[in-house]
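Enquirer: I need the structure of the sequence given here:
(chains A and B, ligands or ions: 2)
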Amino acid sequence: MLLKIENIDVYYGAIHALKGISLEVSQGEIVTLIGANGAGKSTTLKTISGLLKPKTGKIEFKGQNIAGAPAQKIVGLGISQVPEGRRVFANMTVYENLELGAFMRKDKDGIKKDLDRCFELFPRLLERKSQMAGTLSGGEQQMLATARGLMSKPEIMLLDEPSMGLAPILVKQIFNIIKEINQSGTTILLVEQNAHMALSVAHRAYVLETGNIVLSGPAKEMAESEEIRKAYLGG
Amino acid sequence: MQVFIQQVINGLSVGSIYALIALGYTMVYGIVKLINFAHGDVLMVGAYVGFFATTNLGMSFLPALILSMVVCALLGVLIERIAYKPLRSHPRITALITAIGVSLFLEYGGMLVVGPQIQTYPSVFPDTIYNLGGVTFKIGDIAMISTAVILMVLLQFIVHYTKTGKAMRAVSFDYQAAMLMGINVNNTISATFAIGSALAAAAGVLIGVYYNSIDPLMGIIPGLKAFVAAVLGGIGIIPGAMVGGLFLGIVESFVSWAGYSTWRDAVAFAILIIVLIVKPAGLFGKNIREKV
Ligand SMILES: Nc1ncnc2c1ncn2[C@@H]1O[C@H](COP(=O)(O)OP(=O)(O)O)[C@@H](O)[C@H]1O
Ligand SMILES: [Mg+2]
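Expert: Numbers count the residues shown, from 1 in each chain, chains lettered A, B, ... in the order given. Ligands and ions are numbered 1, 2, ... in the order given. Presented below is the predicted three-dimensional model:
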């Protein structure tokens, strides 16, 4: 198991946001975590990344407990997150954003290689290399955030609602790239409100509802089950 | 015309000092959203380190300047770690009040250590007055402006081209996103305090050299003026602090020349008020809402 979350509880002050959830991701998978707005999806990713500390429970990455470890250590171990709302550094250039993605790395040649790979995946970013990230369109910012996430050379990438606010054609493009990234060896944990899209690319899925995991299983089965669709996926 | 140039030179001398101090205010505000009221007092400590380095250790200008900058960089880091860091998750007003406390601590702690009396700064540059087509200046003026310019260029280089500088900009913009890049936010904040305090120390030494006298409360007025300069340029914006400082220096110089030197400080604040009414985010600021 690459990533294993066991019974974590996360609070914002008095608000109990995650109520003892467990989930697993194995090497090479695309696992999706779906659920309505406010279910606790972002909280889950923030806790894995070390932005939040769980009150109880374990988070194991390659057998090592990382619950409560500082964020930079977690990035260094090979977990990178593409946060909700993209959060690109708007006042810096596309190139500088990508450089920041590789902040912890020292292998200059490797960084150069991954930079080339990012520009190959997203030719748009190459054209806009010296442009301020804040001047990019929403779709381009999502590409930049994704590429920036790849620059740390992660073993697992956590993606938080990459489809948010994008036109359907761009959503398709982004999801194709997610598949491509996965096929070249990066494990993916994908958070989405867009359940249909997410289930169509994922191998397995978890459904989160107000801080509890209420359902899990192979993505294909979930997408096909009438009952599940009605109960959890909004028709 | 000579008079005009003369006033511009005087203004640039004082303004470059304001700019150096304003940079520390603005960088710290940019990264932790704190008006560090103790910043002016770090300047005072810097001036004293320079003073003892030249008088007791017999150092010349440059080594004394560097020693003072190093000592204050450490002091700045220490202040942040001890006084501000534990309050980071508290409401901003808590840290602001603490900053005033640190300021008073340095001022009156300083009096305890070095005594409340004014000390005469050793003259590190020859007092010869040069006359260039009616415009007069001393070596000290040149040294001051060039020190300030060199430090500001160095700062721009650090902020734009080094890893620490990029981390500083990233943390200022969005510290959580910066953490996701693997940037150590605590170390980056320390680096910001170190650099800002080192610049304040340089300003302190330059003030000592320029006005020939120092005392434990000497940081208050330049600190306030530099704060005005930082807000004028747009708090949190580095070029804004530079321009704000130089602008304020030049305005003050012309007000004094016009015979209203007692009005100098009032004019500084009047300008601040006008700018804030017309352009609330400062000259270089964008009028955006606070992120919620
Ligand atoms: N910073 C915060 N402070 C307090 N409550 C929060 C904070 N962030 C999220 N929450 C609450 O935690 C719950 C889960 O939020 P989140 O993980 O962002 O949901 P999702 O990503 O699934 O939309 C929500 O009820 C939300 O209101
Ligand atoms: Mg969310």
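
Enquirer: where do the strands of chain A begin and end?
Expert: A:3-12, A:15-25, A:30-34, A:56-61, A:64-65, A:79-82, A:156-160, A:187-192, A:204-209, A:212-218 (DSSP state E).

Enquirer: neighbours of residue A:116, just the number please.
Expert: Residue A:116 has 11 neighbouring residues, counting by other C-beta atoms under 10 Å in any protein chain shown. Yep, even glycine has a C-beta here, placed from its N, CA and C like the rest.

Enquirer: can you tell me how far it sits from residue B:182?
Expert: 21 Å (C-beta to C-beta, to the nearest Å).

Enquirer: shaky segments in chain A?
Expert: Low-confidence segments of chain A (pLDDT under 70): A:232-235.

Enquirer: the closest residue to ligand 2 within chain A: how many residues sit nearby?
Expert: Ligand 2 sits closest to residue A:42 of chain A, with a gap of 3.2 Å, by C-beta to the ion. Neighbour count for residue A:42, taken as other C-beta under 10 Å: 21.

Enquirer: that one against residue A:84, yeah?
Expert: Yes: between residue A:42 and residue A:84 there is a contact at 5.3 Å, judged by C-beta atoms under 8 Å.

Enquirer: now the common contact residues for those two.
Expert: A:160-161, A:191 (C-beta atoms under 8 Å, 6 or more residues apart in numbering or on different chains).

Enquirer: which of those ranks first by neighbour count?
Expert: Going by other C-beta under 10 Å, residue A:191 tops the shared contacts of residue A:42 and residue A:84 with 26 neighbours.

Enquirer: what's the closest non-adjacent residue to that residue?
Expert: residue A:41 (4.3 Å; C-beta to C-beta, 6 or more residues apart in numbering or on different chains).

Enquirer: right, so the strands of chain A: which one is the most enclosed?
Expert: strand A:79-82 (a mean of 28; mean count of other C-beta atoms under 10 Å in any protein chain shown).

Enquirer: okay, the closest residue to ligand 2 within the stretch 101-250 of chain B: pLDDT?
Expert: Nearest residue of the stretch 101-250 of chain B to ligand 2: residue B:176, at 13.3 Å (C-beta to the ion). Looking at residue B:176, its pLDDT reads 96.

Enquirer: and it, which helix or strand is it part of?
Expert: helix B:175-180 (DSSP states H and E).

Enquirer: contact partners of that helix?
Expert: A:49-51, A:71-72, A:75, A:80-81, A:83, A:87-89, A:100, B:167, B:170-171, B:185, B:188.

Enquirer: anything in it near ligand 1?
Expert: No: applying C-beta under 6 Å from any ligand atom, one finds helix B:175-180 separated from ligand 1 by no less than 10.3 Å.

Enquirer: need the longest helix for the chain.
Expert: Defaulting to chain A. Secondary structure assigned by DSSP state H gives helix A:168-183 as the longest helix of chain A.

Enquirer: actually, chain B is the one I wanted.
Expert: Looking across chain B with DSSP H, the single longest helix is helix B:2-32.

Enquirer: before we move on, the earlier item: who does the longest helix of chain A touch, helix- and strand-wise?
Expert: In terms of contacts (3 or more C-beta pairs under 8 Å, 6 or more residues apart in numbering or on different chains; DSSP states H and E), helix A:168-183 is packed against strand A:30-34, helix A:108-121, helix A:138-150, strand A:187-192, helix A:195-201.

Enquirer: who touches the helix or strand hosting residue B:66?
Expert: Under the criterion of DSSP H and E, residue B:66 resides in helix B:61-79. For helix B:61-79, contacts defined as C-beta under 8 Å, 6+ apart pick out B:38, B:42, B:45-47, B:49-50, B:53-54, B:57, B:59, B:102, B:124-125, B:143, B:147, B:190, B:193-202, B:204-205, B:209.

Enquirer: narrow those to those that are buried.
Expert: B:38, B:42, B:45-47, B:49-50, B:53-54, B:59, B:102, B:124, B:143, B:147, B:190, B:193-202, B:204-205, B:209 (16 or more other C-beta atoms under 10 Å in any protein chain shown).

Enquirer: pick out the residue of chain B closest to ligand 1.
Expert: Closest to ligand 1 within chain B is residue B:176: 10.3 Å, counting by C-beta to the nearest ligand atom.

Enquirer: need the helices for chain B, in chain order.
Expert: Under DSSP H, chain B gives helices at B:2-32, B:39-55, B:61-79, B:92-114, B:139-161, B:163-173, B:175-180, B:185-211, B:220-233, B:238-257, B:264-278.

Enquirer: I'd like these laid out as CSV, including distance to residue A:137.
Expert: CSV is the format used below for the helices of chain B (distance: least, C-beta to C-beta, whole Å):
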stretch, distance to residue A:137
helix B:2-32, 27
helix B:39-55, 40
helix B:61-79, 41
helix B:92-114, 34
helix B:139-161, 26
helix B:163-173, 19
helix B:175-180, 19
helix B:185-211, 29
helix B:220-233, 31
helix B:238-257, 28
helix B:264-278, 33
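
Enquirer: ok, which of those helices comes nearest residue A:62?
Expert: Closest approach to residue A:62 among the helices of chain B (C-beta to C-beta): helix B:175-180, 19.4 Å.

Enquirer: residues of that closest one that come out buried?
Expert: In helix B:175-180, counting by 16+ other C-beta under 10 Å, buried: B:175, B:177-180.

Enquirer: ditto for stretch B:224-231
Expert: B:224-231.

Enquirer: so does stretch A:206-214 get close to ligand 1?
Expert: No: residues of stretch A:206-214 are not located near ligand 1 by C-beta under 6 Å from any ligand atom, the shortest gap being 6.7 Å.

Enquirer: near ligand 2 at all, that stretch?
Expert: No: with C-beta under 5 Å from the ion as the criterion, ligand 2 is not reached by stretch A:206-214; the gap is at least 10.3 Å.

Enquirer: now do that stretch: distance from first to last residue.
Expert: End-to-end distance for stretch A:206-214, by C-alpha to C-alpha, to the nearest Å: 8 Å.

Enquirer: other residues contacting it?
Expert: A:16-23, A:31-36, A:38-41, A:44, A:215-216, A:222, A:228, A:232-233.

Enquirer: does chain B sit close to stretch A:146-166?
Expert: Yes: residues of stretch A:146-166 are located near chain B by C-beta under 8 Å from any C-beta of the partner chain, namely A:148, A:152.

Enquirer: ends of that stretch, what's the gap?
Expert: Per C-alpha to C-alpha, stretch A:146-166 runs 14 Å from first to last residue.
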